[in-house]
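*Asks:* Quick one: sequence and predicted model below, then my questions.
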Amino acid sequence: MSYRARRRELKISQNPLQLILCVAIGLWLGFVAIMLTLWLGWQYLPDVRQPLHEVIAPPAPAVAPQQSPEQNRMFEQYKQILHDQAVQQAEEQAQGSPRNLSNPRCQFWLQQNRTAPTEKSRANVLEFCN
């Protein structure tokens, strides 16, 4: 005689409204648990809070310290050197361009700038030799 286990049937008779209510309460409690964990972590881990605070709200721009007259003079020299290099580069491009070789105004101001360079001659070279 063999022993056969009789299969049992499991009948679930759950009210749908009760099931929905239980799932909603579970989700809400899970959310509350996550928020509580994050809040406690935020309160008790100040090492983490400071870098995050800097990322979220970047620091206000610091007021630039006053520059000494020597630094101002050096900065003005730097700007003048950059300007002179830009003008020199434009002049070199103007001299090498075949289109400018046939332009009499460009040729005149290039010659003026070579013999007696002034701001006016440089400005006219940039204007007529483009």
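*Replies:* That came through, no problem.

*Asks:* any idea how far Tyr78 is from Pro69?
*Replies:* Counting by CB to CB, to the nearest Å, the gap from Pro69 to Tyr78 is 15 Å. C-beta coordinates here come from the backbone N, C-alpha and C atoms, glycine included.

*Asks:* Between those two, tell me which one has more neighbours.
*Replies:* Per other CB atoms under 10 Å, whichever of Pro69 and Tyr78 has more neighbours is Tyr78, with 10 against 7.

*Asks:* Below-threshold pLDDT in the protein: ranges please.
*Replies:* For the chain, the stretches with pLDDT under 70 are 1-3, 46-65, 94-95, 130.

*Asks:* domain ranges for it?
*Replies:* The record's domain parsing of the chain by automatic domain parsing lists 16-56, 69-128.

*Asks:* Now the strand or helix carrying Val125 - C-alpha only, CSV.
*Replies:* Using DSSP states H and E, Val125 falls within helix 119-128. C-alpha atoms of helix 119-128 as CSV (Å, rounded to 0.1, in the frame of the first residue of the first chain):
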residue,chain,number,x,y,z
GLU,A,119,47.9,103.6,-32.6
LYS,A,120,46.3,105.3,-35.6
SER,A,121,48.4,103.4,-38.1
ARG,A,122,47.8,100.1,-36.4
ALA,A,123,44.0,100.7,-36.3
ASN,A,124,44.0,101.6,-40.0
VAL,A,125,46.0,98.5,-40.8
LEU,A,126,43.5,96.4,-39.0
GLU,A,127,40.7,98.3,-40.7
PHE,A,128,41.9,98.3,-44.3
